[in-house]
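**Student:** mind looking at a prediction? Sequence and model below.
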Amino acid sequence: MNLLPHLTATTNDNPTASVIWLHGLGANGHDFHPIVPELGIPKELGIRFIFPHAPSIPVTINNNFVMPAWYDILEMTLDRKVDEKQLRESAKQVNNFIQNEIEQGIPSEKIIIAGFSQGGAVALEAALSFDKPLGGLLAMSTYFATKDSIQLNSANQELPIEVNHGIYDPVVPEALGRTTAAFLQEKQYKVTYRTYPMEHAVCPQQIRDLGQFFKQHLA
């Protein structure tokens with residue numbers, strides 16, 4: 001199976017669960033890799049963290065500058081006009097990682113999909129359209145770019161979902177996080193919405209909360 005270039009980190013030598021974690025626009029898998037030791041995961045809970053690198057493509061809103069991106073952003077309107085075909089291609093790449101973990105003996109129910117900003121939009125599409133039950137979904141400082149066109153799969157109707165956002169975010173306004181959570185709640189998903197006193201970033205309290213989310217749903 002062809003997988004995107006990626007980094008991994010494990011909490012012990014015999015992982016029984018996985019987290020596939022997608023970075024934001026212009027970043028790469030190194031962005032969140034250093035956070036793993038800060039999550040407070042006990043060594044007896046074996047988790048493999050996987051941090052894929054997005055391919056480099058021209059990004060319209062950045063004067064077609066070539067940078068790591070999961071999809072092109074065509075217009076910087078509040079709701080974002082994006083290349084949905086590219087976004088879904090990136091979601092398929094996430095599916096490849098999921099299938100690879102399953103083939104290595106990790107049950108689908110022990111796999112969490114996480115994403116920040118652009119990566120969060122891909123995580124939402126990938127997890128909620130996947131045809132096997134997953135362990136959880138973490139959408140950080142993001143927006144639901146495909147909410148009007150996604151093919152929701154009932155296999156993940158009971159999926160635990162965390163939506164996190166910084167209240168001072170100047171890049172992706174916090175209103176988009178609230179809109180995402182509200183949409184999911186309307187669709188009867190189990191959603192926890194948390195805000196933090198930060199901009200377009202992560203903060204220590206959030207990292208502790210993420211660790212709790214992983215421990216709760218992957219134990």
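**Tutor:** Received it, and whenever you're ready, just let me know what you need. All figures in this text were calculated on a predicted structure; none of them were measured in a lab.
**Student:** please make it C-alpha for all contacts and neighbour counts, starting now.
**Tutor:** Will do.
**Student:** now the helices for the chain?
**Tutor:** Residue ranges of the helices in the chain, as given by DSSP state H, are 84-103, 118-129, 174-186, 204-218.
**Student:** mean neighbour count, these: which tops it?
**Tutor:** helix 118-129 (a mean of 27; mean count of other CA atoms under 10 Å).
**Student:** what residue in this structure is the furthest from its centre?
**Tutor:** Ranked by distance from the centre of the chain (CA atoms, centre = their mean), the top residue is Asn63, with 26.0 Å.
**Student:** and the helices of the chain as TSV, adding mean pLDDT and distance to Gly29?
**Tutor:** As requested, the helices of the chain are exported to TSV (pLDDT from 0 to 100; distance: least, CA to CA, whole Å):
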stretch	mean pLDDT	distance to Gly29
helix 84-103	98	13
helix 118-129	98	11
helix 174-186	97	23
helix 204-218	98	17
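**Student:** those: which one's closest to Leu159?
**Tutor:** Of all the helices of the chain, it is helix 118-129 that lies closest to Leu159, at 8.3 Å by CA to CA.
**Student:** measure the residue farthest from the centre of the chain to Thr142 for me?
**Tutor:** Distance from Asn63 to Thr142, counting by CA to CA, to the nearest Å: 22 Å.
**Student:** repeat for Glu125
**Tutor:** 12 Å.
**Student:** do the same with Phe32
**Tutor:** Distance, Phe32 to Thr142, by CA to CA: 15 Å.
**Student:** again with Asp13
**Tutor:** Distance from Asp13 to Thr142, by CA to CA: 32 Å.
**Student:** more neighbours: which of the two?
**Tutor:** Ranked by neighbour count (other CA atoms under 10 Å), Asp13 and Thr142 place Thr142 first, with 30 against 11.
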